[in-house]
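Colleague: Here is my input; please provide its structure:
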Amino acid sequence: MSRSAGSDAAAQDHAGRRAAFRAGALECAKLMPSYAPFGLVCGVAAVQAGLGEWGAVALAAFAFAGSSQAVLTQFLSSGAPLAIAILSGLVVNLRMAVYSAAIAPRIAGATRRERLLWAAFLVDQTFISNEVRHERGEHSAHPLAFYLGCAAVLWPWWTVVNAVGAFAGAALPASWQLDFTIPLSFVALVVPLLKSRGQIVAAVAGGVAGIVLYALPLKLGLIAACALGTAFGMAIDTGLAARRGRDAR
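Modeller: Purely as a prediction, here's the structure:
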């Protein structure tokens, strides 16, 4: 390969990465309004739990996990030991293990640095936005760039709205319960992806299980619902595949 050909290939690769990053940023910019109410409430709750304004900002920046932040501050407000509060926040985020398992086969060739980047910004919205991209077959040569574009929008914005809540919390009613905005945005992203019978069954089974098991402590109902939905979806897909195999004979 000539030097000019190599230079052209490098330029095309760079352009592709920039395009993927920009697409990810634009995709997740649409989710910013849904982040604002919940982030404000999380900022207020962190201050009320005794973390202080800058502690609330640091928690948002380093945790980047609304559900975990909400659980952690709830436990701290009730007088629970710090270790128990942190452990509870981690348990709530166990669903990230499900997300990790889903993307692991597609990033098997990633470097350690790239894997750390995938892990650092893995939240509901970055995961599902990346899944939507994968389903569309877009930017398949630069999935990490797309993913980081999402993170470049959502992570700073989440930190900012938490900071606003922390420093201007006195103007927000303590009774506000706005955490429903994040699940609603997640539903809006997931529903268009439900195309096969197995996917639909998995979504319905997971949703029903989430409602039935909602009262489990530490929000373990969410983890159980993920597992049950996945199991039902896999069972349907396996059954349909076996039926097609028999029909093919």
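
Colleague: use CA for all of it now, contacts and neighbours both
Modeller: Will do.

Colleague: in this structure, which spans are helices?
Modeller: Using DSSP state H, the helices found in the chain span residues 3-29, 32-48, 52-63, 66-77, 82-92, 95-103, 112-120, 124-136, 143-167, 181-190, 197-212, 220-248.

Colleague: Same list as before, those that is, but in a markdown table and with mean neighbour count and mean pLDDT included.
Modeller: Formatted as a markdown table, the helices of the chain follow (neighbours: other CA atoms under 10 Å; pLDDT from 0 to 100):
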| stretch | mean neighbour count | mean pLDDT |
| --- | --- | --- |
| helix 3-29 | 16 | 82 |
| helix 32-48 | 24 | 83 |
| helix 52-63 | 19 | 92 |
| helix 66-77 | 22 | 81 |
| helix 82-92 | 18 | 79 |
| helix 95-103 | 14 | 84 |
| helix 112-120 | 13 | 92 |
| helix 124-136 | 18 | 87 |
| helix 143-167 | 23 | 93 |
| helix 181-190 | 15 | 56 |
| helix 197-212 | 19 | 79 |
| helix 220-248 | 16 | 74 |
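
Colleague: surely Gly229 meets Val201?
Modeller: Yes. At 7.5 Å, Gly229 counts as touching Val201 under the criterion of CA atoms under 8 Å.

Colleague: Can you give me every residue that contacts the residue nearest to Arg133 when sequence neighbours are not counted?
Modeller: The shortest distance from Arg133 to any non-neighbouring residue, by CA to CA, 6 or more residues apart in numbering, is to His139 (7.4 Å). Applying CA atoms under 8 Å, 6 or more residues apart in numbering to His139 gives the contacts 16, 20, 133, 146.

Colleague: and which of those residues is nearest to Ala10?
Modeller: In terms of CA to CA, no member of the contacts of His139 lies closer to Ala10 than Gly16, at 9.8 Å.

Colleague: residues contacting that closest one?
Modeller: Residues near Gly16 by CA under 8 Å, 6+ apart: 139, 141-142.

Colleague: would CSV of those with distance to Ala120 be doable?
Modeller: Listed next are those as CSV, based on distance: CA to CA, whole Å:
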residue, distance to Ala120
His139, 21
Ala141, 21
His142, 18
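
Colleague: Any chance of the residues you listed in TSV with pLDDT as columns?
Modeller: Shown next, in TSV, are the contacts of Gly16 (pLDDT from 0 to 100):
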residue	pLDDT
His139	86
Ala141	85
His142	88
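
Colleague: which other residues reach stretch 145-155?
Modeller: With CA under 8 Å, 6+ apart, stretch 145-155 has contacts from 17-18, 20-29, 32, 61, 64, 117-118, 121, 126, 129-130, 139.

Colleague: Output it as PDB, restricted to C-alpha atoms.
Modeller: The C-alpha trace of stretch 145-155 is given here as PDB (Å, rounded to 0.1, in the frame of the first residue of the first chain):
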ATOM      1  CA  ALA A 145     -17.100   6.400  19.100                       C
ATOM      2  CA  PHE A 146     -20.900   6.400  18.900                       C
ATOM      3  CA  TYR A 147     -21.100   5.200  22.500                       C
ATOM      4  CA  LEU A 148     -18.700   7.900  23.700                       C
ATOM      5  CA  GLY A 149     -20.800  10.500  21.800                       C
ATOM      6  CA  CYS A 150     -23.800   9.400  23.900                       C
ATOM      7  CA  ALA A 151     -21.700   9.600  27.100                       C
ATOM      8  CA  ALA A 152     -20.300  13.000  26.200                       C
ATOM      9  CA  VAL A 153     -23.800  14.400  26.300                       C
ATOM     10  CA  LEU A 154     -25.400  12.500  29.100                       C
ATOM     11  CA  TRP A 155     -22.700  12.400  31.700                       C
END
